[in-house]
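J.: Provide a 3D model corresponding to the input given below.
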Amino acid sequence: MTGDSTRCVHSSLDPEVTTGSVHTPIFQTSTYVQNDFADHLGYEYARGDNPTRNALQRALAEMESPHQEAYGFCFASGMAAITTISQMLEQGDHVIACDDLYGGTVRLFDQIASRFGIETSYSPLKSGDLGNIVRDNSKILWLESPTNPLLTVHDIKSLAAEAKEHGLIVVVDSTFATPILQRPFELGADIIVHSTTKYIGGHSDVIGGCLITQSKELAEKISFLQNAVGAVPAPMDCFLILRGLRTLALRMNRHCESAMTLAERLQDNDKVTRLFYPGLKSHPTHEIAQRQMNAFGGIISLEVKGGEAGARKFAAQLKLFATAESLGGIESLINHPWTMTHAAIPEKQRYDAGMTPGLIRLSVGIEDMEDLWNDLVNALETL
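T.: This is a model prediction of the structure:
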């Protein structure tokens, strides 16, 4: 299977053996009957294993690693997945992370992991910089690509090569790209993170996260933590995410096409004062995105005239872009990172990363593009 849509539909799609159901059923059970003490059919207790979850985990691993064996692990949220990686670390360990990072990840590193003696350093992470940041106790290089919310595309291949020279585990949060737009394993990543809440689930009706690795050693550590800590998703959640995965390629094509057109038009609007979209030549990491991604994603970040007041007025006038947390659903959303997704980050740190109170983030849905454009234009005209 080589085509993205074909892989989305057929990854880990085995007919259910009892009935021949074409879709994986929801195995809504907490435990499994055993023939004798510790004599079972591969399932003991649903925290450790569940057939619906296993089908999703296999499918996600196949999507990220179609040509090499990989291991997928699903969690109750994206943050549960990220927390699991932090639990692989020990007191005194050091993490190197990109500075434009999801607010929940920064909160976890700075306010929770730090209490257990794990330190995090943030950097723009330009190629060649890693040697000046790495320490003897550094264990992980943590990347988002594209980043949230400024959409920086990191040179994963170059940074991963540098990281390997220092013995670091390379973690890439590829939520904005999905397996359709970017293949971090082919660029040197050791662990891929997704918030499956976003594009993979795709319908704003489920919370989830996943980790995928090609390393058997890392897979054994993640598997132990998945069961021991227990932040696993429910069977219904796995069913919904698996359902969303089947149309991921189709939806990503629409998200990307519309976002590209909207970004090109917005760059010519005099009410827009700053615009971030990796598909535009004006974006600082456009050339990296061209090399590394198949398309440029469905997220646009921008500032409009009037700063935060202008952003609030703009959002209030929109009819199709609803103000809400999250992204990646079929519907279009607008988010204000300063007061919403990134509010937990200290103000100076936000400014240093390039965020401002006037920045807004658009998640472009699958509505008709011209309708979305008219909605944006009508709101801009009120400024």
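
J.: Every contact and neighbour count from this point should use C-alpha atoms.
T.: Noted.

J.: And residue 376, how far from residue 278?
T.: 20 Å (C-alpha to C-alpha, to the nearest Å).

J.: neighbour-wise, which of the two wins?
T.: Each of residue 376 and residue 278 has its neighbours counted (other C-alpha atoms under 10 Å); residue 278 has more, 28 against 20.

J.: Spatially nearest residue to that one (excluding sequence neighbours)?
T.: residue 286 (5.1 Å; C-alpha to C-alpha, 6 or more residues apart in numbering).

J.: So that neighbour sits against residue 293, correct?
T.: No - the criterion here is C-alpha atoms under 8 Å, and residue 286 misses it with residue 293 at 10.1 Å.

J.: More neighbours: which of those two?
T.: Legend: neighbour count by other C-alpha under 10 Å for residue 286 and residue 293, higher for residue 293 (21 against 18).

J.: which helix of the chain spans the most residues?
T.: The longest helix of the chain (DSSP state H) is helix 248-266.

J.: could you check the angle helix 248-266 makes with whatever helix or strand comes next after that one?
T.: Next helix or strand after helix 248-266 toward the C-terminus (DSSP states H and E): strand 272-276. Relative orientation of strand 272-276 versus helix 248-266 (axes from the mean of the first three to the mean of the last three C-alpha atoms, to 10 degrees): 150 degrees.

J.: Output the contacting helices and strands for strand 272-276.
T.: helix 248-266, strand 299-304 (3 or more C-alpha pairs under 8 Å, 6 or more residues apart in numbering; DSSP states H and E).

J.: let's go with 6 Å and repeat that
T.: strand 299-304 (3 or more C-alpha pairs under 6 Å, 6 or more residues apart in numbering; DSSP states H and E).

J.: Give me the distance between residue 265 and residue 213.
T.: Distance from residue 265 to residue 213, by C-alpha to C-alpha: 39 Å.

J.: If you count surrounding residues, which of these two has more?
T.: Higher neighbour count among residue 265 and residue 213: residue 213, with 24 against 12, using other C-alpha under 10 Å.

J.: wait, what's in contact with that one?
T.: Counting by C-alpha atoms under 6 Å, 6 or more residues apart in numbering, residue 213 makes contact with 70, 71, 190, 191.

J.: Looking at strand pairing, list the partners for it.
T.: For residue 213, the beta-bridge partners are residue 71, residue 191 (DSSP bridges).

J.: just use 10 as the starting number from now, easier for me
T.: Will do, 10 is the new start, and the previous item becomes residue 222.

J.: what's the distance between it and residue 72?
T.: In terms of C-alpha to C-alpha, residue 222 sits 12 Å off from residue 72.

J.: Also residue 384?
T.: 35 Å.

J.: From residue 307, how far off is residue 96?
T.: Using C-alpha to C-alpha, one obtains 32 Å as the distance from residue 96 to residue 307.

J.: need the contact list for the spatially most central residue of the chain.
T.: Closest residue to the average C-alpha location of the chain: residue 184 at 1.7 Å, with C-alpha atoms, centre = their mean. Shown in contact with residue 184 (C-alpha under 6 Å, 6+ apart): 203, 204.

J.: again with residue 221
T.: The contact partners of residue 221, by C-alpha under 6 Å, 6+ apart, come to 80, 81, 200, 201.

J.: Relative to residue 204, how far out is the first one?
T.: This means residue 80. Distance of residue 80 to residue 204, given as C-alpha to C-alpha: 16 Å.

J.: Between the two, which is the more surrounded one?
T.: For residue 80 versus residue 204, neighbours defined as other C-alpha under 10 Å are more numerous around residue 204 (27 against 24).

J.: OK, contacts around that one?
T.: Applying C-alpha under 6 Å, 6+ apart, the residues contacting residue 204 are 87, 184, 218.

J.: average pLDDT for stretch 140-154?
T.: Average pLDDT, stretch 140-154: 97.

J.: again, but for stretch 235-254
T.: 98.

J.: What is the distance between that stretch and the centre of its chain?
T.: Put simply, stretch 235-254 sits 16 Å off its chain's centre (C-alpha atoms, centre = their mean, to the nearest Å).

J.: what does that stretch contact?
T.: 17, 35, 57, 61, 62, 65, 84, 85, 209, 210, 211.

J.: Select from the residues you listed every entry located in helices.
T.: 17, 61, 62, 65.

J.: Can you convert these into CSV and add a column each for neighbour count and pLDDT?
T.: Formatted as CSV, the ones in helices among the contacts of stretch 235-254 follow (neighbours: other C-alpha atoms under 10 Å; pLDDT from 0 to 100):
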residue, neighbour count, pLDDT
17, 26, 96
61, 21, 96
62, 28, 97
65, 27, 97
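
J.: Identify, from those, the entry nearest to residue 259.
T.: Nearest to residue 259 among the ones in helices among the contacts of stretch 235-254: residue 17, at 9.3 Å, using C-alpha to C-alpha.

J.: So which residues of the stretch 210-359 of the chain form helices?
T.: 225-238, 244-254, 257-275, 295-301, 316-326, 356-362 (DSSP state H, counting those that start in this stretch).

J.: Now do the fourth one, average pLDDT.
T.: What that stands for is helix 295-301. 98.

J.: Then stretch 27-46?
T.: Stretch 27-46 comes out at a mean pLDDT of 91.

J.: Give the buried residues for it.
T.: 33, 35, 36 (16 or more other C-alpha atoms under 10 Å).

J.: And the contacts of it?
T.: If you take C-alpha under 6 Å, 6+ apart as the criterion, stretch 27-46 is touched by 24, 49, 53, 54, 55, 61, 244, 245.

J.: so can I have JSON lines of those residues showing distance to residue 265?
T.: As requested, the contacts of stretch 27-46 are exported to JSON lines (distance: C-alpha to C-alpha, whole Å):
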{"residue": "24", "distance to residue 265": "32"}
{"residue": "49", "distance to residue 265": "46"}
{"residue": "53", "distance to residue 265": "43"}
{"residue": "54", "distance to residue 265": "41"}
{"residue": "55", "distance to residue 265": "37"}
{"residue": "61", "distance to residue 265": "30"}
{"residue": "244", "distance to residue 265": "30"}
{"residue": "245", "distance to residue 265": "29"}
